[in-house]
Each structure stands twice: as C-alpha cells, then as structure tokens.
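Undergrad: what's the 3D shape of this:
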Amino acid sequence: MDLNRLDWALLQSFVRVARAGSLSAAARVHGVSQPTLGRHVRALEAALDQPLFTRSAAGQTLTAMGTRLLAHALAMEDAAARIALAAAGSSARLEGTVRITAARVVAQYHLPPILARLRAAEPGIRIDLVASDAAENLLFREADIALRMFRPQSGDLMVQKIAGLSLGLYAARSYLDRVGRPDTPEALMALDFVGYDRSDLITQMMAENGFQVTREFFALRCDDQLVNWALVCAGCGVGGFQRVIGDADPSVERIAPFIRLPVLPVWLVIPEALRHVPRIARVRQALAEGLAQIGGPPPAPVPSSAHQD
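TA: The predicted structure is shown next:
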C-alpha cells in the first residue's frame, strides 16, 4: 500500500481501538462492528509492516510503534475536527440539528419547557438532547452546546455563566414526622443522610460547615443525582438538591437553614467556531434566557482562556 494514499478510515479505527483498549469496547462505544475494526487495524499494520498492538486476553496494548503513530493520528483527528467545525460555522440557515449535552438533573427538570418554547418559535431547528453527567468533547463535535456545572479549561471554547442555582437540605415530610425536625447542628447530624458513593462533593460541603465525615457516615449512597433525590423523597434520609426543584415538591421539606450551601453555577459552552452559526446562536439565546430566569441574569460570555471572577 502507498502510504501517501493511506485510508483515513484505517487510522480512525486504530485511534478508536487505542482509546477503548480493546476491539470489543471500541465496537460497543462507536457502533462499528468488531470484525471491521479488526480488519482495519490489520490492514494498517500490514501497510506499515509493523505491529501496532500487543494482543492478550485483557485487550490491546500499544507497541512502541503504535504509541508513536497514535500521536500523529490524534493530530490528524484534531485537524479533521477543526475542518468540520469551520465548515459547520459557515452555515447561515436557521434550521438543522443542534446537539445539546446537559447534566441529567438539568435535562430532566429545566430544559423541557425551554426546548418546547424554542420548538414552537423555531420549528426548523431540531434538537438532540444528551442527558449525561459525563464531560463531552465539544471540539470533536460530540455536542454543539454543553451545559455544565463546572467551568471548562480547554481552549477554543466560548464560555458563559448563565445561572447560579441555590442548594438546600431536604428530607421527606414523612421522615421528619417520624424522627423530628432538627433545630441545631447536633440534631441534624443525628439523622440519616443520603450521600454519594464515589464523589466527595457532599463530604466537602459538610467539612466547610465544620462537620468532618467519611463515606461510611451516609446511610445510603448513590452517585446518580436523580436516584439520590428519589431516595430523599422516599424518606430514606436528608439530602441536598436544587432549591428551585426541592421547594416545588410537596413531599419534601427544606430544613437546617443554619447550614451554608454553595450556589451551583451553570456554564454554557460552545466551540468558538460555531458560536455565530445562526441556529446554534438561537438555541444558545433560548437556553441562556430560560435558565437565567431560574438563577438570575447572565453575565456576558467570555473566552475559556480569559479570566473571570
């Protein structure tokens, strides 16, 4: 094979397998058949006349040559992604699909009415909504717009803080009727708490209030925020949640106002190359206006490399 005419599809399959660690994992993640991935990797190895992976029952491990090739293949992938962004950024139509990724709580509780109003006003715009707490890669078009609870640090992104969501401590009314309503920090700490399994977010917030606890302190633990909230609503114990949601739920009661909880920021993130695409700019406007009504007026957008207080 002429290396100057190397098929980009072979390199794509190589990168996918290298990232996933095995043919089966890469096939599952990317929706490509395992035989196709294996055939592409073998064709690439034949073209280079060198093995790229060491194969074992545990998966695929890069050889020294594979490691060197991966760096160049990732650079090519980055260039291809930027070309795709530039092409998308030239689209002037107020129609087409916009892919949004948002935290599961935001996607379930806050976005449906905003997107319903948007669709009524702009029927030519279609929405792909990815409800996920994982950080999507906007540079590689895994999403056009991301709504995140942390400020991204990577470059080439427009970052806008659009809301601040106040948090509160809640427990089911049925649970409080049974154990009593705490009026002191000591009484609060005597109650059951619903916490996270692997995340240390709640233990950090408790430490900021002077309570040093470990993972074993929590009666129930679950990292899925929606399930965590369902456990609180069912009467399993005390848990934290957004006040705009908790205060509207008649099954729970906000407690312990003497506990200081942070305001949860909501960041809207768009690749710089896409910020002026009309349909994406329109969706951004709808999201910013809708979420600002929940958490207050939004500040001006800033590049991700700029400092913001």
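Undergrad: And the helices in the stretch 51-200 of the chain?
TA: Using DSSP state H, counting those that start in this stretch, the helices of the stretch 51-200 of the chain run over 64-89, 104-105, 111-121, 173-179, 185-189.
Undergrad: Between these, which one is closest to Ser166.
TA: Comparison of those against Ser166 by CB to CB identifies helix 104-105 as nearest, at 13.8 Å. Backbone N, C-alpha and C define where each C-beta goes, glycine included.
Undergrad: Throw the helices of the stretch 51-200 of the chain into CSV and include mean pLDDT, thanks.
TA: Output for those, formatted as CSV (pLDDT from 0 to 100):
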stretch, mean pLDDT
helix 64-89, 73
helix 104-105, 93
helix 111-121, 95
helix 173-179, 97
helix 185-189, 94
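Undergrad: Ala143 is nearest to which of the ones you listed?
TA: helix 64-89 (12.3 Å).
Undergrad: Out of the helices of the stretch 51-200 of the chain, which gets nearest to Val263?
TA: helix 104-105 (15.0 Å).
Undergrad: looking at the helices of the stretch 51-200 of the chain, which is buried most?
TA: Highest mean neighbour count of these: helix 104-105, a mean of 18 (counted as mean count of other CB atoms under 10 Å).
Undergrad: Show me what that helix is in contact with.
TA: By CB atoms under 8 Å, 6 or more residues apart in numbering, the surrounding residues in contact with helix 104-105 are Ala131, Ser132, Asp133, Asp224, Gln225, Leu226, Trp229, Gln242, Ile245.
Undergrad: From those, pick the one nearest Arg275.
TA: Lowest distance from Arg275 to the contacts of helix 104-105 (CB to CB) belongs to Ser132, with 22.2 Å.
Undergrad: okay, the helices of the stretch 51-200 of the chain in a markdown table with distance to Val283 next?
TA: Output for the helices of the stretch 51-200 of the chain, formatted as a markdown table (distance: least, CB to CB, whole Å):
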| stretch | distance to Val283 |
| --- | --- |
| helix 64-89 | 14 |
| helix 104-105 | 19 |
| helix 111-121 | 7 |
| helix 173-179 | 39 |
| helix 185-189 | 42 |
